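K.L.:
Predicted coordinates and the sequence they were generated for:
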Amino acid sequence: MAIVVNLDVVMAKRKMSLNELSDKVGLTLSNLSILKTGKAKAIRFSTLEIICSVLECQPGDILEYVEDK
């Protein structure tokens, strides 16, 4: 089982940089970078909520379940 993080895709569609998202969400660049690259082990619902609010998207736009083959 794998959870794929599509934060970079959503950010590109909204034409938003990591710096801009960091400012609006209130998270450090390093924490957002870890999430964006898929290296995060967990995410708080409150963090996901504010990211979705800023990017005007749904959690399913950012997180995707991909079954292992």
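P.N.:
Alright, I've got the coordinates.

K.L.:
which sections of this protein are below the confidence cut-off?
P.N.:
Low-confidence segments of the chain, defined by pLDDT under 70: 1.

K.L.:
Just give me the longest helix of it.
P.N.:
helix 45-55 (DSSP state H).

K.L.:
Which strands and helices lie in contact with it?
P.N.:
helix 7-13, helix 18-25, helix 59-62 (3 or more C-beta pairs under 8 Å, 6 or more residues apart in numbering; DSSP states H and E). Glycine gets a C-beta too; all of them are placed from N, C-alpha and C.

K.L.:
mind saving the C-alpha coords of the helix or strand just after the second one as CSV?
P.N.:
Right, helix 18-25. Counting by DSSP states H and E, the next helix or strand C-terminal to helix 18-25 is helix 29-36. Only the C-alpha atoms of helix 29-36 are listed here, as CSV (Å, rounded to 0.1, in the frame of the first residue of the first chain):
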residue,chain,number,x,y,z
LEU,A,29,9.6,25.5,3.8
SER,A,30,11.4,22.3,5.0
ASN,A,31,8.1,20.8,6.4
LEU,A,32,6.2,21.6,3.2
SER,A,33,9.1,20.2,1.1
ILE,A,34,9.0,16.9,3.0
LEU,A,35,5.3,16.7,2.4
LYS,A,36,5.6,17.7,-1.3
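
K.L.:
Now for Lys41, how many residues are close by?
P.N.:
By other C-beta atoms under 10 Å, 5 other residues sit near Lys41.

K.L.:
And it, how far from Val10?
P.N.:
20 Å (C-beta to C-beta, to the nearest Å).

K.L.:
Next: Cys57.
P.N.:
5 Å.

K.L.:
do Ile50 as well
P.N.:
Look at Ile50 and Val10: by C-beta to C-beta, they are 14 Å apart.

K.L.:
and these two? which has more neighbours close in?
P.N.:
Each of Ile50 and Val10 has its neighbours counted (other C-beta under 10 Å); Val10 has more, 20 against 15.
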